[in-house]
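Undergrad: output the structure for:
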Amino acid sequence: AERLDSAFDLLAAGSTQPRQHRTLRGVLDWSYDLLSADEKTVLRRLAVFAGSFSLAAAESVAGGDPLPPGATLELLAGLIDHSLVAGEEGDDERRYRLHEMTRQYALEQLAAAGEREAVMARLLAYVAALARRARDELRGEQQAAWLRRLDAKAPTIETALEWGSRAADDSAAADALRAVAELYFYWTLRGRQPYAARLTDRALAAAAGRPLPPDAPAQARVTAAALAIVQAEPDAAAVHLAAALADPAALDDAYTAVAHHVRGLVAYIARDHAAAEAIWRAALDATQTDWCRATLLDDLGNVYMRLDQPERALAVFQEERAIAARSGDRISRFYALTNLGIVLGRLGDPAPARAYAAEAVALARQMDSARLIAYALRNQARLALAGGDAPTAYRLLREATALAWEIRNRDLTLSALEQLALA
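TA: Next up is the predicted model:
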């Protein structure tokens with residue numbers, strides 16, 4: 001608050017302007033006083049957006065009592081006329097934002113009005129609904145558009161989830177747990193698993209012992225288990241899975257399949273390949289969700305590769321690719337293409353192996369995921385090395401290493417560096 005007050009006093013004292021213009025706070029006080037009561041309400045509520053926001057988001061969070069139904073657009077236009085809100089063109093929709101000093105001032109007014117907790121809860125509910133839709137959209141043909149949309153909303157999403165992970169209200173705590181779980185694919189595609197793991201653990205710790213709907217902590221536990229595997233913590237993953245699967249009715253078909261996907265990975269890491277295969281085969285037979293079936297087929301293909309059964313691996317990777325093509329699941333299609341390149345390389349069929357690897361790189365670039373691009377480049381480089389094309393392998397690995405380092409993916413960076421030394 002002290003730093004904020006200093007910022008508000010940036011305009012020099014002794015100005016020849018009227019008193020209300022002598023400080024930034026004075027300017028904002030003066031501008032705020034010119035607003036109607038409804039415009040003041042909307043401005044205060046819009047301050048919870050940490051970045052830009054759409055009209056739909058503004059209506060969801062800033063509308064409602066005491067404002068008349070459908071009034072948000074007109075009131076937002078009034079705030080633009082007062083130069084308190086700026087409009088800008090987004091990739092697929094017009095967006096709005098408050099200047100940061102205006103936002104900080106409006107947050108003060110929101111707290112003074114006693115509305116902060118209620119409006120933050122509405123923001124979190126909006127983020128939770130957005131996350132529910134994002135889970136499926138991020139696997140489909142609209143993935144690129146949804147990544148851009150979530151990137152634009154990321155500061156607000158994180159603000160809402162950070163608040164929700166500490167919220168005293170049980171409904172808000174449940175929304176936070178569901179949202180961090182549903183955003184797993186986003187965190188993964190953007191290489192932000194460590195942040196997601198910290199946030200998920202914090203939300204789970206805050207929710208412990210509270211009378212929440214059972215689906216919320218169960219979903220977050222599954223996500224926490226998946227994130228623990230990514231961070232090479234299989235024991236932590238097993239603890240989360242035990243809690244998540246304690247009440248089978250708390251998880252829907254997709255979350256149940258993901259739980260068994262991670263459960264199989266725990267066995268796989270422990271080198272109990274027979275147990276991993278049995279877990280994944282049973283889960284595959286049980287799930288009806290296409291992207292879950294594709295994920296489990298990918299798991300089985302990898303265990304068959306580990307068991308030196310490349311022909312079986314080839315068959316399941318081809319089935320995975322067919323499901324991904326039918327359902328529009330770009331993530332599963334990426335892994336199927338990558339693994340088809342690997343298995344065909346092992347089977348001594350280099351031409352189609354290189355074609356699949358190149359297609360995987362192209363798809364990763366379309367998805368604009370640094371982690372997937374680095375992963376695909378590394379595998380493409382392996383095939384180039386195997387074919388004696390060291391210059392191409394060197395070029396691919398340099399890019400893979402730079403990308404892996406950029407997102408602080410230690411394992412991928414080390415793997416790429418090891419291959420770079422061989423090139």
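
Undergrad: tell me which element the residue nearest the centre of the chain falls in.
TA: Geometric centre of the chain, nearest residue: Tyr186, 2.4 Å, by CA atoms, centre = their mean. Secondary structure assigned from DSSP states H and E places Tyr186 in helix 184-189.

Undergrad: pull out the buried residues from the next helix or strand after that helix.
TA: Counting by DSSP H and E, the next helix or strand C-terminal to helix 184-189 is helix 193-207. Across helix 193-207, burial judged by 16 or more other CB atoms under 10 Å covers 193, 196-197, 199-204, 206-207. Bear in mind the C-beta positions are built from the backbone N, C-alpha and C, glycine included.

Undergrad: for stretch 186-202, measure first residue to last.
TA: End-to-end distance of stretch 186-202 (CA to CA, to the nearest Å): 19 Å.

Undergrad: compile the buried residues of helix 193-207 into a markdown table and extend it with columns for distance to Ala238 and pLDDT.
TA: Listed next are the buried residues of helix 193-207 as a markdown table, based on distance: CB to CB, whole Å; pLDDT from 0 to 100:
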| residue | distance to Ala238 | pLDDT |
| --- | --- | --- |
| Gln193 | 18 | 89 |
| Ala196 | 19 | 94 |
| Ala197 | 15 | 94 |
| Leu199 | 21 | 94 |
| Thr200 | 16 | 95 |
| Asp201 | 15 | 94 |
| Arg202 | 20 | 93 |
| Ala203 | 20 | 94 |
| Leu204 | 15 | 95 |
| Ala206 | 22 | 91 |
| Ala207 | 20 | 91 |
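
Undergrad: pretty sure Tyr96 sits in a strand.
TA: Yes - the assignment for Tyr96 (DSSP: H, G, I helix; E, B strand; the rest coil) places it in a strand.

Undergrad: burial check on it, number of neighbours?
TA: 20 (other CB atoms under 10 Å).

Undergrad: what is it paired to in the beta sheet?
TA: Going by DSSP bridges, Tyr96 is paired in beta bridges with Phe53, Gly87.

Undergrad: my guess is it contacts Glu89. True?
TA: No - if you go by CB atoms under 8 Å, Tyr96 and Glu89 don't touch, sitting 10.9 Å apart.

Undergrad: can you report how many residues lie near the closest residue to Ala86 other than its chain neighbours?
TA: Using CB to CB, 6 or more residues apart in numbering and skipping the chain neighbours, the partner closest in space to Ala86 is Arg97 (5.7 Å). When neighbours are counted by other CB under 10 Å, Arg97 registers 17.

Undergrad: list the contacts for Arg97?
TA: 49, 51-53, 85-86, 88 (CB atoms under 8 Å, 6 or more residues apart in numbering).

Undergrad: what does Pro69 give?
TA: With CB under 8 Å, 6+ apart, Pro69 has these contacts: Gly63.

Undergrad: for it, helix, strand, or coil?
TA: coil.

Undergrad: can you pull out the helices in the stretch 301-423 of the chain?
TA: 310-327, 330-346, 350-367, 370-386, 390-406, 410-422 (DSSP state H, counting those that start in this stretch).

Undergrad: out of those, nearest to Val230?
TA: helix 410-422 (9.2 Å; CB to CB).

Undergrad: can you tell me what sits against stretch 123-138?
TA: Contacts of stretch 123-138 (CB under 8 Å, 6+ apart): 48-49, 57, 60-61, 143, 146-147, 150, 153, 156-157, 159-161, 163-164, 167, 172, 175-176, 178-179, 181-186, 189, 331.

Undergrad: now do stretch 148-155
TA: By CB under 8 Å, 6+ apart, stretch 148-155 touches 50-53, 57, 90-92, 95, 127, 130, 134, 157, 183, 186, 190.
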